[in-house]
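> need coordinates for the following:
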Amino acid sequence: MKNIDKAMIRLLSMSDWQEFKGFDHKKMLKELEPFKDEWKRYNPRKTENNRWGLSVTSFDGGLSGKPDLDSLLNYEQETGITLHNHQCDVPTLVWEESTELKRFLEPWKKWITRCHFLRLDKGAYFPDHYDVNKHDFTYDEIRFVGFVNANKYGFKWVYDDKLFNGESGSFWYFNGSKRHCVFSTENNIMLLVVCMNFDEELFIKMIDTAIIT
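Sure, this is the predicted structure:
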């Protein structure tokens with residue numbers, strides 16, 4: 001068994017949710033205001049679902065959202081072009097010009113791939129799903145989420161049939177291989193979704209920097 005496989009097994013045998021040092025969410029929200037007109041519909045085919053994205057990384061460094069805020073599977077079916085999350089790693093102006101975001105992401109930059117802010121307005125939801133890389137087995141990916149503007153009254157995250165409440169400003173690794181869904185009953189619920197390429201070095205960093213309470 002390779003070391004990378006051992007590291008992944010060890011990670012998945014630990015907590016499904018692990019907290020890390022967070023960020024100043026109020027400052028981050030303030031610094032996103034110049035980009036208020038750059039939000040794009042998340043998965044634009046589903047116009048009835050009130051979800052919006054703002055690219056932190058993209059395939060070309062731009063903020064068009066195409067195709068980094070789209071379903072890559074649907075994009076491939078329509079265009080014949082195959083893309084993967086690990087190719088979506090070019091920082092956009094959102095990363096470069098938001099000082100709190102840049103400060104927060106820099107220690108993780110080596111591993112960050114597809115990354116975006118996700119805004120869930122009233123009625124938005126993600127049905128039950130798994131965040132599993134099931135199409136390309138040449139690399140391993142894990143998922144982190146930052147709670148930028150969230151509260152337990154207007155936003156529900158159901159994870160493995162249990163409610164999870166993340167405080168605004170907190171940052172978590174979560175085991176996306178387990179079933180989960182989210183939905184919002186308010187406007188402007190905001191998350192920071194971060195995909196990372198997994199290797200032994202990232203595993204060691206996670207162990208060394210995890211918040212243990």
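
> wait, what's in contact with residue 92?
For residue 92, the contacting residues are 55, 56, 57, 58, 61, 62, 63, by C-beta atoms under 8 Å, 6 or more residues apart in numbering. C-betas here are computed from N, CA, C, even on glycine.

> once you drop chain neighbours, what's closest to it?
residue 55 (5.0 Å; C-beta to C-beta, 6 or more residues apart in numbering).

> contacts only, for the one you found.
Counted by C-beta under 8 Å, 6+ apart, residue 55 has contacts 40, 62, 63, 65, 68, 69, 92, 94, 115, 116.

> from the residues you listed, which is closest to residue 143?
residue 115 (10.5 Å; C-beta to C-beta).

> wait, a strand at the closest one?
Yes - with DSSP: H, G, I helix; E, B strand; the rest coil as the criterion, residue 115 is part of a strand.

> bridging residues for it?
As for beta bridges, residue 115 partners with residue 194 under DSSP bridges.

> which residues in the protein form helices?
Counting by DSSP state H, one finds helices in the chain at the ranges 3-12, 25-31, 72-79, 93-97, 99-105, 200-209.

> quick one on the thing from earlier: kindly reformat the contacts of residue 55 as CSV containing distance to residue 101 and pLDDT.
Formatted as CSV, the contacts of residue 55 follow (distance: C-beta to C-beta, whole Å; pLDDT from 0 to 100):
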residue, distance to residue 101, pLDDT
40, 18, 98
62, 17, 98
63, 14, 98
65, 18, 97
68, 16, 95
69, 17, 97
92, 11, 98
94, 7, 98
115, 10, 98
116, 11, 98
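
> out of these, which comes closest to residue 83?
Out of these, the member with the shortest distance to residue 83 (by C-beta to C-beta) is residue 68, at 8.8 Å.

> check contacts around that closest one.
Contacts for residue 68 (C-beta under 8 Å, 6+ apart) come out as 55, 57, 58, 59, 88, 114, 116.

> residue 165 reaches residue 154, doesn't it?
No - with contact defined as C-beta atoms under 8 Å, residue 165 does not count as touching residue 154 (11.5 Å).

> between those two, which is the more surrounded one?
Neighbour count, other C-beta atoms under 10 Å: between residue 165 and residue 154, residue 154 has more, with 16 against 13.

> pLDDT score assigned to the more buried one?
The confidence metric pLDDT takes the value 95 at residue 154.

> and what of the one 3 residues further on?
In the prediction, the pLDDT value recorded for residue 157 is 97.

> now do it: how many residues are near it, please.
Using other C-beta under 10 Å, residue 157 is surrounded by 20 other residues.

> now residue 132: closest residue in space, sequence neighbours ignored.
Nearest to residue 132 is residue 177, by C-beta to C-beta, 6+ apart, at 5.4 Å.

> same check on residue 3?
Closest to residue 3 by C-beta to C-beta, 6+ apart is residue 200, at 5.3 Å.

> for that neighbour, give its distance to residue 92.
Per C-beta to C-beta, to the nearest Å, residue 200 is found 29 Å from residue 92.

> hey, where'd the strands end up in this structure?
17-20, 40-41, 51-55, 57-58, 90-91, 112-120, 125-129, 141-149, 155-159, 162-164, 171-174, 180-184, 189-197 (DSSP state E).

> perfect, that will be all.
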